[in-house]
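Asker: pasting the structure only:
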């Protein structure tokens, strides 16, 4: 009697086919959403930051990640010298420069 019941059960559906793809559809949609809302804007921001650092030149007024405001005196490959006050020059890493200020901003604050 138990053997007859076991033989009467339906076979499991194969994993492949449209049902298998429909299971991955929400994961694909979440990845696409993450791409457009998180990854893509972050890449764009990084590219803009790199272009700003490449265009940095002597005399530009900048703000660093730490909030230090100064005028670029010297630019090296990895470091930037900022004049934060008269005769006070500070050496900071180039990637810490975050914002390029309009010319004359520092004088307007004093």
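Answerer: Arrived safely. All values derive from a computational prediction rather than experimental measurement.

Asker: C-alpha from now on. contacts and neighbour counts both.
Answerer: Fine.

Asker: Please, where are all the helices along this protein?
Answerer: Using DSSP state H, the helices of the chain run over 2-8, 18-34, 40-54, 105-109.

Asker: what's the spacing between the spatially most central residue of the chain and residue 99?
Answerer: Among the residues of the chain, residue 42 comes closest to the average C-alpha position under C-alpha atoms, centre = their mean, at 3.1 Å. Between residue 42 and residue 99 the distance is 16 Å, computed by C-alpha to C-alpha, to the nearest Å.

Asker: Low-confidence stretches in this structure?
Answerer: Along the chain, the parts satisfying pLDDT under 70 run over 1-18, 108-110.

Asker: measure residue 87 to residue 22 for me?
Answerer: Distance of residue 87 to residue 22, computed by C-alpha to C-alpha: 67 Å.

Asker: Which of these two has more residues huddled nearby?
Answerer: Set side by side, residue 87 and residue 22 show more neighbours around residue 22, with 11 against 7, by other C-alpha atoms under 10 Å.

Asker: Next one: that one from residue 32, what distance?
Answerer: From residue 22 to residue 32 the distance is 16 Å (C-alpha to C-alpha).

Asker: Equivalent analysis for residue 73, please.
Answerer: From residue 73 to residue 32 the distance is 44 Å (C-alpha to C-alpha).

Asker: Look up which residues are beta-bridged to the closest residue to residue 94 other than its chain neighbours.
Answerer: With C-alpha to C-alpha, 6 or more residues apart in numbering as the criterion, residue 94 has its nearest non-adjacent residue at 4.8 Å, and that residue is residue 79. As for beta bridges, residue 79 partners with residue 93 under DSSP bridges.

Asker: Adjust the sequence numbering to begin at 150 for everything that follows.
Answerer: In the new numbering, first residue 150, that becomes residue 228.

Asker: check contacts around residue 228.
Answerer: 240-243 (C-alpha atoms under 8 Å, 6 or more residues apart in numbering).

Asker: how about 6 Å then?
Answerer: 241-243 (C-alpha atoms under 6 Å, 6 or more residues apart in numbering).

Asker: Buried only: go through the residues you listed for me.
Answerer: By neighbour count, with 16 or more other C-alpha atoms under 10 Å, those hold residue 243 as buried.

Asker: All good on my end, thank you.
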